[in-house]
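**Student:** Let's see this in three dimensions:
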Amino acid sequence: MKQINNYIEHHKERFLEELFGLIRIPSISSQTEHKADMYQAAVYWKELLLNSGADKAEVFETDGNPVTYGEKIIDPALPTVLVYAHMDVMPVDPIEKWVSPPFEPEIRDGKIYARGADDDKGQSMMHAKAFELMVKTGTLPCNVKFMIEGEEEIGSPNLEKFCLNHKEMLKSDIILVSDTSMIGPKIPSITTGLRGLAYWQVEVTGPSHDLHSGLFGGTVANPINVLSKLIAGLTDERGRITVPGFYDDVLEVSAEERAMLARAPFDEEAFKAGIGVKALQGEEGYSPKERTGIRPSLDVCGIWGGYTGEGAKTVLPSKAYAKISTRLVPHQDHTKIEVLFKEYLESIAPAPVKVEVSYLHGGQGYVCPIDLPAYKAAEKAYQEVYGILPVPVRSGGSIPIISTFEKVLGVKSVLMGFGLEADAIHSPNENYPLEQFFNGIRTIPLFFKYYAELMAPAQA
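**Tutor:** Just a heads-up that it's a prediction; the model follows:
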């Protein structure tokens, strides 16, 4: 650990400058005007990996945004860790809520404030710098490969094809990911489960064009009114989703496992205060942590239509739109849920309007066994840095590509996140504590050390 701390102390200012250089690239994958920025980020990663000690690095084209791949093979007989991360970020809206410009990183109160500071530029940079540390100090104990993609925030639509086309190049023993969070800055945790995802856009059409709300209101169906009623009916008074067949394949977690999950500390009052709400809600019969970890959910991510400008305009709009997502749990197939939702919503559309549901993206859930050598290595690494054993948790979030890796590459992933709930990822003023950034760089080399040791008998 002394060698690790000395290297970090000597190079920490450069580490931050290299992270800031990456953050300054507005690599927003969901907006076509940032296509060139995606390539700039991919080239930045290529140079970063080469400068950190990779034997080779290359930018690969896909049908969408590029993928940067790099590797260092020290001995083919040794185990290989494939590090996965993403270079793309979420849009910054609403821009007026940012205290400082989202792509001009600023350190305040011991935190880096910027879009991508945590998700996932800050967390991915930890791996590049931990890799550099191991190479430069001669302590790299196994082979390393990097796959940095540019479409995670839009569901990784082209990465499965990339993996299929490069299975041999991506061959590894474990995939290491830091795109999740910890329970708290002093309470490390390892994410053992991710929820799946299904995401749609709904379009409701009424009259052929916008109408005067005085002359037509009360006799012509208003698409916004109709859409609001449809959305309200998607959950019942018990907090359950009303789409027929939605719960058919839900994995019901045993009482024993629920008791184990309940051991994770959770302060409901602090949680509410941290997000500025007075009360929580959700499916009856489940705790707040269970609702986000082992149960599915449905949320409206955006809704619009009609006149939303300054002042008043008496209009009965022709169209209304919404973006709706569901988070899914193990055994729920997002392709099945895609069809169930679409067929149900379109079937209950009242006659005066037309409802069209378009599927945007989705992915399966994932569960990581806690008896994997990689899990045990992560556990030991966290314990050495933080002083306590990490808590296994199931995350409410989704990384759809993780289940695809298992299907296509036949390899499990271990999710070593260092983010915090307070980091405001996907929101204005996203941030990442400096302490977490540097602790990540301390922890990752220890994972490699312990993983190589645990894998040694299997490799012999």
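
**Student:** For residue 344, the count of nearby residues, please.
**Tutor:** As a burial measure, residue 344 scores 17 neighbours (other Cβ atoms under 10 Å). Backbone N, C-alpha and C define where each C-beta goes, glycine included.

**Student:** which residues sit in contact with residue 365?
**Tutor:** Residue 365 makes contacts with 193, 194, 195, 196, 328, 329, 330, 332, 398, 403, as judged by Cβ atoms under 8 Å, 6 or more residues apart in numbering.

**Student:** so who does the third one touch?
**Tutor:** With contact set as Cβ under 8 Å, 6+ apart, residue 195 has these partners: 293, 296, 327, 328, 329, 365, 394, 395, 396, 397, 398.

**Student:** For these, could you give me CSV that also reports distance to residue 340?
**Tutor:** Shown next, in CSV, are the contacts of residue 195 (distance: Cβ to Cβ, whole Å):
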residue, distance to residue 340
293, 23
296, 12
327, 15
328, 11
329, 15
365, 16
394, 23
395, 24
396, 21
397, 22
398, 18
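
**Student:** Identify those among those that sit within helices.
**Tutor:** residue 293 (DSSP state H).

**Student:** follow-up on the earlier one: flag whichever of the contacts of residue 365 scores worst on pLDDT.
**Tutor:** Among the contacts of residue 365, residue 398 has the lowest pLDDT, at 78.

**Student:** Next, give phi and psi for residue 40.
**Tutor:** phi -60, psi -40 (degrees, to the nearest 10).

**Student:** mind checking how far it is from residue 21?
**Tutor:** Going from residue 40 to residue 21 by Cβ to Cβ, to the nearest Å gives 10 Å.

**Student:** and what of residue 67?
**Tutor:** Residue 67 is 20 Å from residue 21, where distance means Cβ to Cβ.

**Student:** This structure: helices as residue ranges?
**Tutor:** Applying DSSP H to the chain gives helices spanning 2-23, 35-52, 121-136, 159-165, 213-216, 223-232, 255-261, 268-275, 288-293, 334-347, 373-386, 401-409, 434-459.

**Student:** Would you format those as a markdown table with distance to residue 80 included?
**Tutor:** What follows is the helices of the chain, written out as a markdown table (distance: least, Cβ to Cβ, whole Å):
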| stretch | distance to residue 80 |
| --- | --- |
| helix 2-23 | 22 |
| helix 35-52 | 16 |
| helix 121-136 | 13 |
| helix 159-165 | 15 |
| helix 213-216 | 64 |
| helix 223-232 | 47 |
| helix 255-261 | 32 |
| helix 268-275 | 39 |
| helix 288-293 | 31 |
| helix 334-347 | 30 |
| helix 373-386 | 12 |
| helix 401-409 | 12 |
| helix 434-459 | 10 |
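
**Student:** mean pLDDT for those: which is lowest?
**Tutor:** helix 255-261 (a mean of 79).

**Student:** Contacts only, for the residue nearest the centre of the chain.
**Tutor:** Closest residue to the average C-alpha location of the chain: residue 399 at 5.0 Å, with Cα atoms, centre = their mean. By Cβ under 8 Å, 6+ apart, the contact set of residue 399 is 152, 177, 179, 180, 194, 363, 366, 415.

**Student:** Got phi/psi on it?
**Tutor:** phi -130, psi 80.

**Student:** Relative to residue 188, how far out is it?
**Tutor:** Residue 399 sits 19 Å away from residue 188, going by Cβ to Cβ.

**Student:** swap in residue 283?
**Tutor:** Residue 283 is 28 Å from residue 188, by Cβ to Cβ.

**Student:** From what I see, residue 428 and residue 98 are in contact.
**Tutor:** Yes: the pair residue 428 / residue 98 is scored as a contact, 4.9 Å apart, by Cβ atoms under 8 Å.

**Student:** who has more neighbours, those two?
**Tutor:** Of the pair residue 428 and residue 98, residue 98 is the one with more neighbours under other Cβ under 10 Å, namely 19 against 16.

**Student:** which ones are touching that one?
**Tutor:** Applying Cβ under 8 Å, 6+ apart to residue 98 gives the contacts 92, 428, 429.

**Student:** Please apply the same query to residue 408.
**Tutor:** Counting by Cβ under 8 Å, 6+ apart, the residues that residue 408 touches are 160, 163, 164, 167.

**Student:** repeat for residue 341
**Tutor:** 198, 200, 243, 246, 324, 326, 357.
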